[in-house]
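Colleague: Quick one, structure for this:
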Amino acid sequence: MSFLRYSINNSSLASTFSHEALDISYWHQVHKAIQLGSSLVYNKKKGRAIGSIFYQWEFQDAFVRGMMDSDWSVGFTYNRLFIYFNSFS
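Modeller: Below you'll find the model as predicted:
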């Protein structure tokens, strides 16, 4: 198995490959609060490839993550950040 990674500024490109599979992914921070990524995975044994797109959008007290792939799988999460207040002072 071999791997390769290259990063510059707000972007990163990575790949992993072997005799049976290939995985290439790309990530980019578009804005201070928005990140995008994509991935291509090929499995030689199954003769199948899947492409995916990911995003993360950050807010002051929450963030949203989502994904969609070439198998028409779609995912979405909304996460709220709770700030701990020390009330025992």
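Colleague: Give the lowest-confidence helix or strand of this protein, using mean pLDDT as the measure.
Modeller: Least confident element among the helices and strands of the chain, by mean pLDDT, DSSP states H and E: strand 2-8 (a mean of 89).
Colleague: tell me what the host helix or strand of residue 40 is packed against?
Modeller: Applying DSSP states H and E as the criterion places residue 40 in strand 34-43. Judged by 3 or more C-beta pairs under 8 Å, 6 or more residues apart in numbering; DSSP states H and E, the packing partners of strand 34-43 are strand 21-31, strand 48-58. C-beta here means a position set from N, CA and C on the backbone, and glycine is covered the same way.
Colleague: Of the ones you listed, which is nearest residue 79?
Modeller: strand 48-58 (9.8 Å; C-beta to C-beta).
Colleague: in the helix or strand following that closest one, what counts as buried?
Modeller: For strand 48-58, the following helix or strand on the C-terminal side (DSSP H and E) is strand 62-69. Within strand 62-69, the residues that count as buried by 16 or more other C-beta atoms under 10 Å are 63, 67.
Colleague: Need the CA coordinates for strand 62-69. CSV is fine.
Modeller: The C-alpha trace of strand 62-69 is given here as CSV (Å, rounded to 0.1, in the frame of the first residue of the first chain):
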residue,chain,number,x,y,z
ALA,A,62,-23.5,25.3,15.6
PHE,A,63,-22.3,23.5,12.5
VAL,A,64,-23.9,21.7,9.6
ARG,A,65,-22.3,18.7,7.8
GLY,A,66,-23.6,17.0,4.7
MET,A,67,-22.6,14.6,2.0
MET,A,68,-23.8,13.1,-1.3
ASP,A,69,-22.3,10.3,-3.3
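Colleague: So which elements touch that strand?
Modeller: Applying 3+ C-beta pairs under 8 Å, 6+ apart, we find strand 62-69 packed against strand 48-58, strand 74-80.
Colleague: Reformat the ones you listed as TSV; add mean neighbour count and distance to residue 27.
Modeller: Listed next are the helices and strands packed on strand 62-69 as TSV, based on neighbours: other C-beta atoms under 10 Å; distance: least, C-beta to C-beta, whole Å:
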stretch	mean neighbour count	distance to residue 27
strand 48-58	15	8
strand 74-80	10	17
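Colleague: Noted, bye for now.
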